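**Student:** Fold the following.
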Amino acid sequence: MGNRLSRIYTRTGDDGSTGLGDGSRVTKDSARVSAYGTVDELNCTIGMVLAADGVSADVREVLTQVQHDLFDLGGELCIPGMAMIEDKDIERLESTLDRLNADLPALKEFILPGGGMAAACCQLARTVCRRAERAAVTLARGETIRPQALRYLNRLSDLLFVVSRVLARASGHGEVLWQHERRRKGTSP
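**Tutor:** Numbers count the residues shown, from 1 in each chain. Just a heads-up that it's a prediction; the model follows:
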């Protein structure tokens with residue numbers, strides 16, 4: 001980090017603009033700011049998962065690495081032309097996803113978000129990840145971003161879903177399956 005923040009407020013954004021990592025200024029509601037801002041929000045929600053009780057050392061290690069990756073991804077999105085997320089990062093997510101999913105039973109129904117605090121926070125992180133992916137797709141329509149950024153977010157949302165299943169089962173709360181048949185049986189409210 002070249003410049004350390006000695007003062008948190010600068011007043012330079014009072015006009016509705018913000019500085020990108022390359023020094024250029026854009027509006028705070030630009031597609032680029034939306035994309036890296038949502039990645040930052042995603043990182044915060046993963047922090048909520050890590051702050052919850054009952055997160056195993058294995059999952060903690062996986063999610064901490066993801067937080068570092070997301071900081072890199074945010075930097076990549078904040079600095080036009082920057083390349084930080086690599087194919088090997090996506091391959092690591094896929095390998096971890098396969099490893100964690102191997103011990104889970106096959107799904108036959110959708111799962112309702114829940115299963116304990118850590119699992120519920122992880123489901124929230126998954127939905128924020130999907131929003132970050134949508135924001136990055138919007139950015140990619142108007143500006144050039146590397147395909148690795150989109151692939152990373154897509155794979156990460158899958159990983160967060162699997163991690164939420166792992167956390168729900170480890171917590172003892174288990175997974176709550178969506179009862180799609182309940183409306184046919186006349187049990188709807």
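
**Student:** So what does L112 look like in phi/psi?
**Tutor:** Backbone geometry at L112, expressed as degrees, to the nearest 10, gives phi -80, psi 140.

**Student:** Thought W178 was touching it, still the case?
**Tutor:** Yes. Under the criterion of CB atoms under 8 Å, L112 makes contact with W178 at 5.7 Å. (Glycine included, C-beta is placed from N, CA and C.)

**Student:** Who has more neighbours out of those two?
**Tutor:** Set side by side, L112 and W178 show more neighbours around L112, with 13 against 10, by other CB atoms under 10 Å.

**Student:** buried stuff in stretch 99-109?
**Tutor:** Across stretch 99-109, burial judged by 16 or more other CB atoms under 10 Å covers 100-101.

**Student:** How about the residue positioned nearest the centre of the chain: what's its closest non-neighbour residue?
**Tutor:** What sits nearest the mean C-alpha location of the chain, by CA atoms, centre = their mean, is C129, with 3.4 Å. Beyond its immediate neighbours in the sequence, the residue positioned closest to C129 (CB to CB, 6 or more residues apart in numbering) is S157, lying 4.2 Å away.

**Student:** Quick check: what element follows the helix or strand hosting the one you found along the chain?
**Tutor:** Per DSSP states H and E: S157 is located in helix 147-171. With elements assigned by DSSP H and E, the helix or strand that comes after helix 147-171 is strand 176-177.

**Student:** quick one on the thing from earlier: and the helix holding S157, average pLDDT?
**Tutor:** Mean pLDDT, helix 147-171: 96.

**Student:** can you pull the buried residues of that helix?
**Tutor:** In helix 147-171, counting by 16+ other CB under 10 Å, buried: 148-157, 159-171.

**Student:** Now do that helix: which elements does it pack against?
**Tutor:** Here helix 147-171 touches helix 31-51, helix 57-78, helix 87-101, strand 111-112, helix 117-142, going by 3 or more CB pairs under 8 Å, 6 or more residues apart in numbering; DSSP states H and E.
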